[in-house]
Structures are given as C-alpha cells and as structure tokens.
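In: okay, here's the prediction I keep looking at, along with the sequence it came from:
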Amino acid sequence: MRATTRSLAALLGGLAVVASAGMAIAQETPPAGGEPKDFNLAEATEFELPNGLGVTMVPYGKVPKTTVQLVIRTGNIDESADEVWLADLMGDLMKEGTTTRSAEDIAREAASMGGSLNIGLGLDRSSVSGTVLAEFGTDLVALIADVTLNPAFPESELDRLRADRIRQVSIARTRAQSVTQERFRAVMYPDHPYGRLYPTEEQLQGYTLEQVRGFYEANFGAARSHLYVTGMFDEAAIREAIEAAFSGWKEGPPPTVDIPEPVTGRAVHILDRPGAPQSTIQVGLPTVDPSHEDFVALTVTDALLGGSFASRITANIREDKGYTYSPFSQVSSRYRDAYWVEMADVTTAVTGASLDEIFYEIDRLANEPPSEEELRGIQNYLAGIFVLQNSSRGGIVGQLAYMRLHGLPDDYLETYVDRIYAVTPEEVQRMVQEYIRPDDMLLVVTGDRAQVEEQLVEFGTPIVD
Amino acid sequence: MRRTSLWAGAAATVAMALTACQPADQPTAELDTSFSVPVEYYTLDNGLRVVLSPDNTAPIVTVAVYYNVGLRLEPRDRTGFAHLFEHMMFQGSENLGKMEFVRLVQEVGGVLNGSTRMDFTNYFEIVPAHKLETMLWAEADRMKGLAITQENLTNQQGVVSNEVKVNVLNQPYGGFPWLDMPQLANTNWYNAHNFYGELSDLEAATLEDVQDFFDTFYAPNNAALAVVGDFDPAEARAWIEQYFGPIAAGPEVPEFDISEPRQEEEKRSSKVDDLAPRPALAFAYHTPERNSPEYWAFGLIDQILVQGEDSRLFQRLVQEDGFTAGVSGSMNDLGNMYNYEGPMLWTVSLYHDADVSADDILAAADEVVERIRTEPVDEETLARARIKLKSGLLNSMEGLFGFGRADLLASFALFDDDPSRINRIEEEFAAVTPELILQTAQEYLRPTNRTILTVEPGAAQGGAAAGAGSR
C-alpha cells in the first residue's frame, strides 16, 4: 500500500543533474583534495546450523543498533499462473500471529525494542527482518524465528488482508508507472511468474487459507535460507540465540530454479491514458545477468549511458531538452536473468522526440567509444558508490545477499573495484553493440493515445489497448 | 584483513574476510550502547554558522549547506519559486559552468542532491573523505553568486513542470495529503499556498526573479554549513575560513509574519480525484509551538497514536476495524519533527474502500483520540513511545550515509543557534509527564482544531461503484 501511494522523501527533491554543454573555462580550478583514506570492508563470520541454515555476522559501525535479516529463496517465482500474489498474501498473514503471540504482541514487542518486524515477499527472494536498539539484538532473533517457524495463519484475518491487497492492486492499476511495468514484464516473460506483476481481483478473492498454508509448507525452510546479522552486537550471545531459535526449523527443499526465457525483439505497445500530461516510457531488452563475465563492463556502460546523474541520456533529455524530470536506466537482475531498461516520464508532446534522443545516445555510444576521461569519471563514480554500498548495515547485507544469490566468488568484493577500472573505452562500445541493441527493444508507452500514437509509428506498428 | 586505498581508484583491493566457524564461546566485551554526537559549533565573521561532527566509521564525508528560506517564503505571484530556485543553484556559478558542479561530485565518486522544505533549502554532497576541501570550495563558489542564462532557466522550468506532472498531475492521490492539507488547514498565505507552484507561475519566472531571490536569501548570514564524517576538524576549519570567510555578509533578511491563529472551528473539504479508484481520508491538527513543553509531549502523542503497528490508530483502524491496510501520520510531512521552524500540522491519512464512509472511520478515530484526551497514558505505553523516539532519532541521524546527522545539526544551528541539542533530545522526552500529555491532547486534539479532507474517486473510475471491495 505504501509503495502505491506516496513517497514524500522523493518529493520536491532537486535531483540535480548533469552537464550537456562543453566545459566553460574556469577562472579558478577546484582544489584536488588530499590522499585517499583506507577503506576496509567489514569482517564477517560465517557458520551453518545442522539443518542447513547459513548465518553471516558482520559487526559494523558505532550506532547502537542491530539489524537481523532472514533471506529466504522463495517468492512469486513459486506461484503458478493462477496463484499470483499468493506469496504476498501469505506474508501478510504471517504477521498476524504465531502459536504463542498475537499480532498485537508482535507489534508491541518489536516496538519495545525500538524497531518493527518487516516481512517482504519478492520475485525470487523474500525476507523477515528488523532493526532494533543493540541491547535487544537477541530478542529480535527470537521474534524473527517465532514468526518464521510458527505462524498461526488465523483465518479470521484473511478477508481483511485480501481486501487490503485488492485495494492496493486497484490503486496500482491507476498509476502509469505500474501499468507500464506490468505490460513490459508480461511481454518479456510470457508464461513465467516474472511476467505476472499483478493479480486479478478474482484471483485474490479466491485464495483459501489452505492454499496459504500450502505455499508456506512448500517453500519455507532452512536449506533455502540465510540469516544476516549486522551492526553492534555481542557475537557469542547472538550466536547462542540463533542456535536456540533456528535449530528446530525443518530443512525443507532447496530453492526453486526456474530460469525464464525472455522474449527479445522490437515491439511497440501503447496503453491509452486519455488526457495524460505525460507519457510513461519503458524501453529495453533482456541482457546478461550478474554471473556473466561481461556484467561488470555492462554495469559501467549503463552508468555512462543512462544510469547516473551525469549520464548521456539524462544530460540530453533532462538537462538539455527539459523533456523530463527523472529519467533513469538500470540493469534489473534476478537469478540467471536480467534486462536493461530506460525509464522516463516525458511531456506528452515530446514522446517521440524523447525516444529519438534515447536511441540517438545509444547509437552514438555503439558507433564511437567514450573518451578515456569520460570513462574515468564513471569509474570513479562507481568506486565511490561501492564504498557507500558497504558503509551501512542495510547495504552490507544487500551486498552479501546479492553475492550469495548469484553465486559470485568469495573474492567478488575484493576485486570489484579493480574490475571496474579494468574496463576500456572499446569494451564499453562493445557492450552497447552486443547487449543494448535498439532493434531488439521492447517499447511500452502509457499515455494519451490520441496524441502519442502517431509519434510512435516510426518505432514500429503499435499494439494499442 | 588488508588495508588499501580504494578512492585513488587504480589497483585498489578490498578485503571481505570470511572467517569460518569461530568458536562461539570466546569471551566478548560488554556491549557498549552509549551514543553521543560530537559537535563543534562556531560562527564566521560574515555570520555563517558552522557545525563540525567527526565520525571515522567510513572514509566518507557529508557537506551540507542550509539556507534559511523554504517553501513558505516565496513571492506571492510566484508560487513554487523557492523550489524552482533550488534547481537554479545547479545551473552554474562563477567558477563552475552549467552542471559542472554535478560532474565534479560524480567524478570524485560522490553523490549529491538538494531539496526545498518548509523552512530551509539544502544542498549536500556525500564524497570520499579526502575530497572535503574540493566540496567546500564548490559550495562556497555558488554561495558567492550564480552565473546563469535565460536558456538555463527555460530548461529548468521544463524540468520542474515535468516534476509536478509526474508527482502530482499524472498520479492518483497526487499531492494528497502533503500538498493539499496545508492549503486547507492554514489561513496565513505563507503557510497556505501551493508549494509546488501553479504551472503558470513557474512559467512566468524571470532571471530577475532569480537574482532578487538570491540577493534576499542566499548569503552566509542566512545559512548554516554542516560537515559530518571522517575528517580532521582543525584542517576543516582552515578550509572553511579560506573559502567561505571572504564571502560578504548580505543585508538583513526581512521579517515575515508566518504565524497562524488558533483554529476555533473544525474545517472539512472534499476533493474529486479523477485518477483515484478508492476514497481516501486525511485529518490534521495544528501542533504546539516548536520546543515548547507541549511540543515534546506531542512528539510522544504522535508515537502513541500513529507511529508503528503497535500504535493505537493502527490497532483500531487496521487491526480491529479493517478499514485500511495502514495509517500514515507525521508532525511534518516534508521532514521530521525536528527540522522545521514555524506553524506545523500533525497529519494522519489512509486509503479505504467505498463501502465504508469517512464518517465511520472518523468516529472510530475519534474514540482513539478522545481516550488520550481523557485518560492518562499508562507507564508501559509511555516507555514504549520513548524507546521508539530514541530509536527513530538514531535512524534519522544514520539516514543516507550520515547526511541525516548533518540535516539535524544544520537545522538546529539555523533555527536554534544550538546544534549540541542533538544530544539532549532524549532528556526532553524523558521530562514529559502523563499529566502534560493529557493537557496537551486536550488543547491540541480539540475537534475544533481539526481539518478533514476526503478524496472521492472521480468519474474516470466509475465513481463509488468502482470501490467495492470485500470484507
């Protein structure tokens, strides 16, 4: 619900961006700064319980807080075509109580520790997590274990939670960004859970408590899960708490492996939104995933092309043309699956012009390698972002869980920055030629059909609804 | 564990040591959970307030410049101008051409942003620690003055109008309740106009407006600078003197009367939203004056009533009555209860189905509100509220790699001339008694101090019929 309604932090942000014109001659040059300081990744301790639950503990920082996050390799990937969001509904119901705690008990206990209990079901990974004041770290471990191992699934709450999800979906379907994403995924991933972004109201109406329980029984277990603890904590005490709370968890099956075969090829879809002041665009194609040897070079290429404030596409359609506020590209990845996508909300009258500029920037980089200087700037940026990613409790867990999901080597973090700097201008050019091919891109536009259809004809015959 | 220089870029290596199976029974030191923020505070001769707060957890540093002008104080025929102006600060200064500032930050491996809030406009960078001097120089450069063209202004008018479209005009519930509620609940224009701005006002802005606004508000004597992270304070002081010291103080900023009268009658409005598929409801109360005893009491009331799933409104409206999936509430929709200065609203909002009326939900909410107005809060509830506030304050400080700490320090410097109060907030809440909470609730949660806003689904959504859910 929250995600569909507002994000205040993002509102009125400047999102300052990007240069387009050449450098003016500076009367004064910026001082270069001093010598770089050492950066040490936090040290991790790992162990495994007899039931297969892996545990990673990473002491970090001076703020007296502990983060505990249980990552389970399940989610929408384990739903059949007529079970869309059954996983999400199960997650909702997990919070409604355990065999010994009511929903209110759970909420109060977490709040008394200075935190909250969060359950999130994702496409291929889900989590039960919380962050609390450090003196309550072991209590949080116990609470997370109870909610995960002993859910009561009270039938009395099912209809209420079902109604909440129906409301959430109905609101999502009125957001241009949501329906654009839904179509993009549906076309790219036919007959795969990744292609089913939202359920129908009828589906949500139909789910029974038995189905919810069945999903839990089939997909929750120690063998497909990993527990992360980071922040300030007493290692021995936390370890003892983990052993006490999680040793009784059933092993369960290994994670589902269901690698999709995404559709590649030019297609243009228009979702009519009469009178819309903007067109919401997603344009992209399937690409290599994080386990591929070219992935780091592709990451650098994406940051230079559209994935950073100073990137070429943003410089062009925002800071030069003023067509849009927050254009952005990214490589969106899951286990052995990824796609590249550029997203933008542009003023209706310049829908076609914006796409022309996006393709122009892609072609320009395919035809000519970037300068050493431009590439070095992006490499510095990514090296800096890497330090930021490893300088918060959430970021540390995120990095470690990412490595684990994709099966990346133990020295991944250690060598990451070297590999960023090893990318050459010619490789960037090759990445675009091989992986960011306009002719193979899917193009979804949600906007005022009467005004945009003609602007889109040059990109292919639009499929309209 | 190896120690290496990552920021230089070339040939950097970093160690993530994975130690398999350390014995669990090794002795560990007692966990030290005390926490206090180092604060060095002083003022330059030109009036610039400076706060330094070293923290060597990570080799990064945040530089944040706060100007004492926010959404309230824009010219009357130029709604949205404070925010448009913020964008202009990225368009060029004496030594940095259009967007060279942005490129400079990104190419040293940092991130940056700016934002316009109720009572300040901020500009900040989070960069590798050894680039502190570079960022101080750059922020000083744009404090000295802007060098922008009509083309830059036209470009950003396009960007900002697209920002309004994507966040408000093309969104269901766009502007609800954060943009709508101040316009309904407040009576003084400064607090009650459209902060994002009418598109016609945004389009009417001129280069002269930009210069006037800069000359009025953007001077060292109307600003605060916060530096947080891994740096040597003595070195930082020298650079700050070197780069900011020579900037001349500006004229005194004019006084604006931003006060709000006591509200004596409940107000109620309804808004039809053509994009919204379900009804929504918000209600707001004017809050006690910032830093008064009642203000701290209200902070606790906020926690007890609406923050978290243990809160009374969540338990009643979500858990018991099933009206909605969640209840949002805030003492400052564009920030937190600390980083503003002026009249403020406590706003609660939720989304519901058409088969329940707003009045039914309000009746349930009223029972919760009346309880805190008539029944002293029990010890357990009060203790939990204090823990939530303490923990929430730490969350605020940690936000965005330490930027959150800079935000509080700069706000306390700008509004209170006392950033060290960051370490005394817990005491303020500890001093609040159940009696004070009761008195505060009686005055500030009066029905006559309330404004109600309902959102009705528009014709495009088939009106009320589209809202039927199941319960």
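Out: Yep, that arrived.
In: sec struct for residue A:271, please.
Out: Recorded secondary structure, residue A:271: strand (DSSP: H, G, I helix; E, B strand; the rest coil).
In: from residue A:346, how far out is the residue nearest to it when sequence neighbours are not counted?
Out: Spatial nearest neighbour of residue A:271, excluding adjacent residues (CB to CB, 6 or more residues apart in numbering or on different chains): residue A:446 at 4.2 Å. C-beta coordinates here come from the backbone N, C-alpha and C atoms, glycine included. From residue A:446 over to residue A:346 the distance is 11 Å, taken as CB to CB, to the nearest Å.
In: kindly report the same for residue A:114.
Out: From residue A:114 to residue A:346 the distance is 43 Å (CB to CB).
In: go on, residue B:41?
Out: According to CB to CB, residue B:41 and residue A:346 sit 46 Å apart.
In: which of these two has more neighbours?
Out: Neighbour comparison, residue B:41 and residue A:346: the larger count goes to residue A:346, with 30 against 18 (by other CB atoms under 10 Å in any protein chain shown).
In: burial count for residue A:101?
Out: For residue A:101, using other CB under 10 Å, the count is 17.
In: for the stretch 351-465 of chain A, give the residue positioned nearest to chain B.
Out: residue A:384 (2.2 Å; CB to the nearest CB).
In: so what's the residue count around the residue nearest to that residue when sequence neighbours are not counted?
Out: Once flanking residues are discounted, residue A:384 sits nearest to residue B:109: 2.2 Å by CB to CB, 6+ apart. Using other CB under 10 Å, residue B:109 has 26 other residues around it.
In: ok, now residue A:390?
Out: Other residues within reach of residue A:390 by the criterion other CB under 10 Å amount to 24.
In: who touches it in this structure?
Out: With contact set as CB atoms under 8 Å, 6 or more residues apart in numbering or on different chains, residue A:390 has these partners: A:41-42, A:396, A:399, A:413.
In: check the gap between residue B:230 and chain A for me.
Out: As for residue B:230, its distance to chain A is 6 Å (criterion: CB to the nearest CB, to the nearest Å).
In: just the pLDDT for the residue nearest the centre of chain B.
Out: Computing the C-alpha centroid of chain B and ranking residues by CA atoms, centre = their mean puts residue B:335 first, at 2.0 Å. Residue B:335 carries a pLDDT value of 96.
In: hey, what's the residue nearest to residue A:271 bridged with?
Out: residue A:271, residue A:280 (DSSP bridges).
In: up against chain B, what does the stretch 301-450 of chain A have?
Out: Residues of the stretch 301-450 of chain A lying close to chain B (CB under 8 Å from any CB of the partner chain) are A:308-310, A:315, A:318-326, A:345-347, A:376-377, A:379-388, A:391-392, A:410, A:413-418, A:421.
In: quick one: low-confidence parts of chain A?
Out: A:1-26 (pLDDT under 70).
In: can you show me the strands along it?
Out: Here chain A has its strands, by DSSP state E, at A:38-39, A:44-48, A:54-59, A:65-72, A:118-121, A:126-133, A:225-231, A:267-272, A:278-286, A:328-334, A:337-347, A:442-447, A:462-464.
In: next one: the longest one to chain centre, how far?
Out: Meaning strand A:337-347. Strand A:337-347 sits 13 Å away from the centroid of its parent chain (CA atoms, centre = their mean, to the nearest Å).
In: what about residue A:300, neighbour count?
Out: 26.
In: ok, it - contacts?
Out: A:375, A:378-379, A:382, A:420, A:423, A:428, A:431.
In: would you list every one of the strands in the stretch 251-400 of chain B?
Out: For the stretch 251-400 of chain B, the strands defined by DSSP state E, counting those that start in this stretch occupy B:267-273, B:280-286, B:328-330, B:345-351.
In: partner strands of the second one, with direction?
Out: Partners of strand B:280-286 in the sheet, by DSSP bridges, are strand B:345-351 (antiparallel), strand B:450-457 (antiparallel).
In: average model confidence for the shortest one?
Out: Read it as strand B:345-351. In the prediction, strand B:345-351 has an average pLDDT of 98.
In: not counting its own residues, what contacts stretch B:169-182?
Out: A:5-6, A:8, A:11, A:171, A:174-176, A:276-278, A:280, A:345, B:167-168, B:191-192, B:194-196, B:271, B:273, B:275-277, B:280, B:282, B:284, B:333-334, B:345, B:347, B:349, B:351, B:451, B:453, B:455.
In: from the residues you listed, which would you call buried?
Out: Buried members of the contacts of stretch B:169-182, scored by 16 or more other CB atoms under 10 Å in any protein chain shown, are A:5-6, A:11, A:171, A:174-176, A:276-278, A:280, A:345, B:167-168, B:191-192, B:194-196, B:271, B:273, B:275-277, B:280, B:282, B:284, B:333-334, B:345, B:347, B:349, B:351, B:451, B:453, B:455.
In: sorry, back to before: so what sits against both of residue A:446 and residue A:346?
Out: With CB under 8 Å, 6+ apart as the test, residue A:446 and residue A:346 both reach residue A:279.
In: who's in contact with residue 69?
Out: No chain specified, so I'll use chain A. So, once contact is read as CB under 8 Å, 6+ apart, residue A:69 ends up touching A:127-129, A:227-229, A:397, A:401.
In: could you do chain B instead?
Out: B:82, B:120-121, B:216-218, B:222, B:253.
In: and what of residue A:443?
Out: A:266-269, A:281-283, A:355, A:456, A:459-460.
In: let's see that with 6 Å instead.
Out: Listed by CB atoms under 6 Å, 6 or more residues apart in numbering or on different chains, the contact partners of residue A:443 are A:268, A:283, A:459.
In: do stretch A:44-62 and chain B meet at all?
Out: Yes - judged by CB under 6 Å from any CB of the partner chain, stretch A:44-62 comes into contact with chain B at A:44-47, A:61-62.
In: now, among the residues you listed, which is nearest to residue A:246?
Out: residue A:47 (11.5 Å; CB to CB).
In: separation between the closest one and residue A:224?
Out: Going from residue A:47 to residue A:224 by CB to CB gives 17 Å.
In: repeat for residue B:84
Out: As for residue B:84, its distance to residue A:224 is 51 Å (criterion: CB to CB).
In: between these two, which is the more surrounded one?
Out: Set residue B:84 next to residue A:224 and count neighbours by other CB under 10 Å: residue B:84 wins out with 27 against 20.
In: from what I see, that one and residue B:161 are in contact.
Out: No - in this structure, residue B:84 is not within contact of residue B:161 by CB atoms under 6 Å, at 9.5 Å.
In: overlap in contacts, these two.
Out: residue B:202.
In: count the residues that sit near the residue in the stretch 51-200 of chain A positioned nearest to chain B.
Out: Taking CB to the nearest CB, chain B has its nearest neighbour within the stretch 51-200 of chain A at residue A:114, 2.9 Å off. Residue A:114 has 28 neighbouring residues, counting by other CB under 10 Å.
In: for the one 10 residues further on, same thing?
Out: The number of residues packed near residue A:124 is 22, by other CB under 10 Å.
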